[in-house]
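Peer 1: Structure of the sequence below:
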Amino acid sequence: MQEFLSGLGLEIAAVEYLQTPENGGKLPPHSDQQYFDDHVKINISYGPEDAKMVWWDVPLEKTQPIQEYDILFANLSDCTRVWEATTNQPSLCNVGVVHSTENPSKEPRFTLCFIPALDQKHIQWEDALKIFGEYIDE
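Peer 2: As a prediction, the model looks like this:
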């Protein structure tokens, strides 16, 4: 991934590893920082095909900062589902808005996340579509 991103003039700002437990496990609705924007990650998930990432619409005033993780948390009851996708192939994901994961399967879901950056700044969604356009298969 480092070689791929470097070839595009980008660096890796961070790498994360996440697990969504089996049997109805979920990661709660959250934004990956304490404000909304449209920055992206490249996620590669392993596990069941019915496990997915979900994006939500929620007013900023209905979110709560979680200082120890530097994220915004949202209660599911305040959210409206707007999109969902399985990310079992390398996937460009908007994580500056509220999103979550769901796993109804009997197997755990594992995700490796790469945060691309340019000059140590997050890549925003519209810029990412241009940068990664030739690699995107809708």
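Peer 1: so what does the helix or strand L27 falls within touch, helix or strand wise?
Peer 2: Here L27, judged by DSSP states H and E, is contained in strand 25-31. On a contact count with 3 or more Cβ pairs under 8 Å, 6 or more residues apart in numbering; DSSP states H and E, strand 25-31 meets strand 11-20, strand 71-74, strand 99-103. Bear in mind the C-beta positions are built from the backbone N, C-alpha and C, glycine included.
Peer 1: switch to 6 Å and redo it
Peer 2: Strand 25-31 sits against strand 71-74, strand 99-103, with contacts defined as 3 or more Cβ pairs under 6 Å, 6 or more residues apart in numbering; DSSP states H and E.
Peer 1: C-terminal to the shortest one, which secondary structure element comes first?
Peer 2: Downstream of strand 71-74, the first helix or strand assigned by DSSP H and E is strand 80-85.
Peer 1: The helix or strand just after that next one pairs with which strands, and in what direction?
Peer 2: Later in the chain than strand 80-85, the nearest helix or strand by DSSP H and E is strand 91-94. If you go by DSSP bridges, strand 91-94 pairs up with strand 40-46 (antiparallel).
Peer 1: now the partner strand: mean pLDDT?
Peer 2: The average pLDDT within strand 40-46 is 96.
Peer 1: now do stretch 52-61
Peer 2: Mean predicted confidence for stretch 52-61 is 96.
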